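Undergrad: What would the 3D arrangement of this be:
(4 chains)
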There are 2 protein chains.
Amino acid sequence: MKKKKISIADIAKATGVSTTTVSFVINKKAKNNVSTAVIEKVEKYIKEIGYKPNLLAKGLRTGKTNIIVFMVEDISDRFFSSIARLMEEKAYKNGYKLIFCSTENDTERSRELLTLFKDRQVDGFIITPPVGFEEEVKTLIEEKIPVVLFDRYFEDIEVSHVVIDNMESMFKSVNSVFGKGCRNVAFITTDSKQSQMMGRLSGYEKAVRQHGAPRLVKEIPFFGVKEKSAVEEIQSFLDANPGLDGMVFSTNYLTKAGLKVLKNNKISIPGDMAVLSFDDDELFELYTPTISALSQPVESIADKLMESLLKQLNGKAEKDAIIQTELMGSLIERESTG
Amino acid sequence: MKKKKISIADIAKATGVSTTTVSFVINKKAKNNVSTAVIEKVEKYIKEIGYKPNLLAKGLRTGKTNIIVFMVEDISDRFFSSIARLMEEKAYKNGYKLIFCSTENDTERSRELLTLFKDRQVDGFIITPPVGFEEEVKTLIEEKIPVVLFDRYFEDIEVSHVVIDNMESMFKSVNSVFGKGCRNVAFITTDSKQSQMMGRLSGYEKAVRQHGAPRLVKEIPFFGVKEKSAVEEIQSFLDANPGLDGMVFSTNYLTKAGLKVLKNNKISIPGDMAVLSFDDDELFELYTPTISALSQPVESIADKLMESLLKQLNGKAEKDAIIQTELMGSLIERESTG
DNA sequence: CTGAAAGCGCTTACAG
DNA sequence: CTGAAAGCGCTTACAG
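TA: Numbering: from 1, shown residues only, chains lettered A, B, ... in the order given. Sure thing, here's the model as predicted:
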């Protein structure tokens, strides 16, 4: 048996006023509508019994839950978790709560998460969409549910997004490796066709072209990329390309797999091989040698994401509410490209 | 303007039946109550318009939201995230959804998260409580809200929990370091008085006593332990104790700080210093040398957590529903204690 | 300044 | 086999 939950009706009865009045007091709408005496009496009683409103009922009635869902590829990833932290604060300041979850870049899982929260009437979504998520995003837009994409986007959908200029950022990164005197610089990536991956690939290709260097790309099947397979794939690529003197990885988890391989093969960094990662990671500072990385501007990303979502939450005219932002990454040069 | 949401009443009108009947069809309670013809008609229409029930309303009416909250110290930590993954699956199989969040071991933040979800009437909680969370846990119990603690617990509260035998696990770990011939083995920990930390300290002390070795304990102030301060504190401890030949860390993030210090001081592992971590981490497999660690049995922990919570969700008699489980950790010996 | 009443979208005991 | 009606706990337009 649950301890009977207290409702507004109970408070009204106990204090001898109407539920209307109680509701006004609770929601601070009492100002010119309720006498100070009544306000004090009700507030005192509420504190006394520790009343907490049922937010399910409130949400049902008002149509607002004040919840924003932050749905990212992997909340364990430093990149996503640090943005989540910042977003949480911003959300709070604006009267919203942030709930986060990981899609693992799995379309089916993402769909389920979306349903989970849509059915519970959350107010808005911030999403790193997996491949094949176009329909879901379109539906959100049709239903006028606030949504902002980030990290990647869909070219043919008119929706707010915050991404970085992957192409230019990668171009800059690969150039720095060539700048160290490398000639045969490989690009290790996944076979995902997501916008951010395609941008990074273009950046690499542009740098290679500019330096008249060979295009050495290894695309690792996207599924199972975080498992052993990445290590094996990189190993065989390395065996097939003995002349490599530089490796650039398109994501931090690929870099980790690559470091494992280089270690297994006792290849010294940066002596025999320069290494650079797209996306930073805690490990890269600790590793011997420390690993250079392209770091994304998490503060600005979080700023833009919240700004963009708030515009929609505050119900600006649809077209006006679409904000598409592109930011630049910054290169952190460490020992691995020294 | 939102596209008008469809409700059960709309479906009832459109199909010419009552809301009662629609509700029965939706909830598969139609079996002997509704004719097959009506069932088919309603189901067809529902599919056609893509109706999704408002779970806020359902929750308000039934008093069940089918949501379990998994509130852990840090969801970015491999230990917690791998348990979260397992729990999610188990929850799903039992008709529940799992929502996770990070307390950062911050009492105030934990309180806010608890309120956030309690006010929204979630069905149960799994919590790694921060210090000073006794009252909140007691309140949950009084309110008959299902709750299971894990990783740590409060001795004087009768509530379900799942923890590991920190004392024995650490004893075993420190013994293995002595087994490698070390004599001056330090224990680096936080000054937190949480049960799991106290257990780990006792395990170290027991091992030291048994080997007639000196007790060399460094307690790092808990606040800011994940920041720079840990590195500085460990450095000064190292300076003050030049004779050390082994270091055991009470958590994986302390180990990382320690590795940074050892690297800065060019102390070779395991030649000059054996290193062992309580709690494993991805980094420890990748580091040079690989780092030995005490690994917690995540599968069994997840099993027990769900079993324990389900018992309460299914409303077993209160006293019967309390399950307190203690599991053993397993030692993974790698190069750092080689 | 205050309250009676309708309604958000569901479920379910009850009557037929 | 089917439906009218009450009720979960809120908010708010309206009347006084």
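Undergrad: I'd like the distance from the closest residue to residue A:116 other than its chain neighbours to residue B:59, if you could.
TA: Nearest residue to residue A:116, sequence neighbours excluded (C-beta to C-beta, 6 or more residues apart in numbering or on different chains): residue B:97, at 5.4 Å. From N, CA and C alone the C-beta is placed, and that goes for glycine too. Residue B:97 sits 12 Å away from residue B:59, taking C-beta to C-beta, to the nearest Å as the criterion.
Undergrad: Was I right to think residue A:96 contacts residue A:65?
TA: No - Residue A:96 is beyond contact range of residue A:65, at 9.2 Å (criterion: C-beta atoms under 8 Å).
Undergrad: What residues does the stretch 101-250 of chain A have near chain B?
TA: Proximity of the stretch 101-250 of chain A to chain B is confined to A:101, A:115-116, A:118-121, A:142-144 under the rule C-beta under 8 Å from any C-beta of the partner chain.
Undergrad: hang on, isn't the residue nearest to residue A:116 packed against residue B:67?
TA: Yes - Residue B:97 lies in contact with residue B:67 (C-beta under 8 Å); the separation is 5.2 Å.
Undergrad: Which positions in the lowest-mean-pLDDT helix or strand in chain A come out as buried?
TA: Between all helices and strands in chain A, the lowest mean by mean pLDDT, DSSP states H and E belongs to helix A:318-321, at a mean of 75. The neighbour-count check on helix A:318-321 (16 or more other C-beta atoms under 10 Å in any protein chain shown) flags residue A:321 as buried.
Undergrad: Phi and psi next, for residue A:293.
TA: phi -150, psi 150 (degrees, to the nearest 10).
Undergrad: Tell me who's in contact with it.
TA: A:252, A:255, A:276-281, A:284, A:331-332, A:334 (C-beta atoms under 8 Å, 6 or more residues apart in numbering or on different chains).
Undergrad: Check residue A:291 too.
TA: Contacts of residue A:291 (C-beta under 8 Å, 6+ apart): A:255, A:259, A:269, A:275-277, A:283-284, A:334-336.
Undergrad: which non-adjacent residue is nearest it?
TA: residue A:284 (3.8 Å).
Undergrad: would you say that neighbour is within a helix?
TA: Yes - under DSSP: H, G, I helix; E, B strand; the rest coil, residue A:284 falls within a helix.
Undergrad: Now that we have the contacts of residue A:291, which of them are buried?
TA: A:255, A:259, A:269, A:275-277, A:283-284, A:334, A:336.
Undergrad: nearest to DNA strand D, of those residues?
TA: Minimum distance to DNA strand D across those is 47.4 Å, recorded for residue A:283 (C-beta to the nearest atom of the strand).
Undergrad: re the thing from before, so which of the contacts of residue A:291 are in strands?
TA: A:275-277 (DSSP state E).
Undergrad: Out of these, which is nearest to DNA strand C?
TA: Out of the ones in strands among the contacts of residue A:291, the member with the shortest distance to DNA strand C (by C-beta to the nearest atom of the strand) is residue A:277, at 47.3 Å.
Undergrad: which residues touch the residue lying closest to that closest one once chain neighbours are set aside?
TA: Among residues not flanking residue A:277 along the chain, residue A:255 sits closest, at 3.7 Å (C-beta to C-beta, 6+ apart). With contact set as C-beta under 8 Å, 6+ apart, residue A:255 has these partners: A:249, A:275, A:277-279, A:281, A:284, A:291, A:293.
Undergrad: Mind picking the two most distant members of these?
TA: A:275 and A:279 (13.4 Å; C-beta to C-beta).
Undergrad: Pick out the lowest-pLDDT one from the contacts of residue A:255.
TA: Lowest in pLDDT among those is residue A:281, which has 89.
Undergrad: which neighbours do residue A:96 and residue A:65 share?
TA: Residues touching both residue A:96 and residue A:65 (C-beta under 8 Å, 6+ apart): residue A:123.
Undergrad: how close does the residue located most distally from the centre of chain A sit to residue A:52?
TA: For chain A, the residue at maximal distance from the C-alpha centroid (C-alpha atoms, centre = their mean) is residue A:16, at 49.6 Å. Here residue A:16 is placed at a distance of 22 Å from residue A:52 (C-beta to C-beta).
Undergrad: can you tell me how far residue A:120 sits from residue A:167?
TA: 38 Å.
Undergrad: neighbour-wise, which of these two wins?
TA: Between residue A:120 and residue A:167, counted using other C-beta atoms under 10 Å in any protein chain shown, residue A:120 has the larger neighbour count: 22 against 19.
Undergrad: and the more buried one, what does it touch?
TA: With contacts defined as C-beta under 8 Å, 6+ apart, residue A:120 is in contact with A:65, A:67, B:55-56, B:65.
Undergrad: Looking at the residues you listed, which are in helices?
TA: B:55-56 (DSSP state H).
Undergrad: With distance to residue B:303 as added columns, please give the ones in strands among the contacts of residue A:291 in a markdown table.
TA: Below are those laid out as a markdown table (distance: C-beta to C-beta, whole Å):
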| residue | distance to residue B:303 |
| --- | --- |
| A:275 | 40 |
| A:276 | 42 |
| A:277 | 37 |
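Undergrad: Am I right that residue A:95 sits in a strand?
TA: No - using three-state DSSP, the assignment for residue A:95 is coil, not a strand.
Undergrad: so who does it touch?
TA: residue A:66.
Undergrad: and if you look at the one 10 residues further on?
TA: With contact taken as C-beta under 8 Å, 6+ apart, residue A:105 is in contact with A:73-74, A:128, A:130-131, A:192, A:222.
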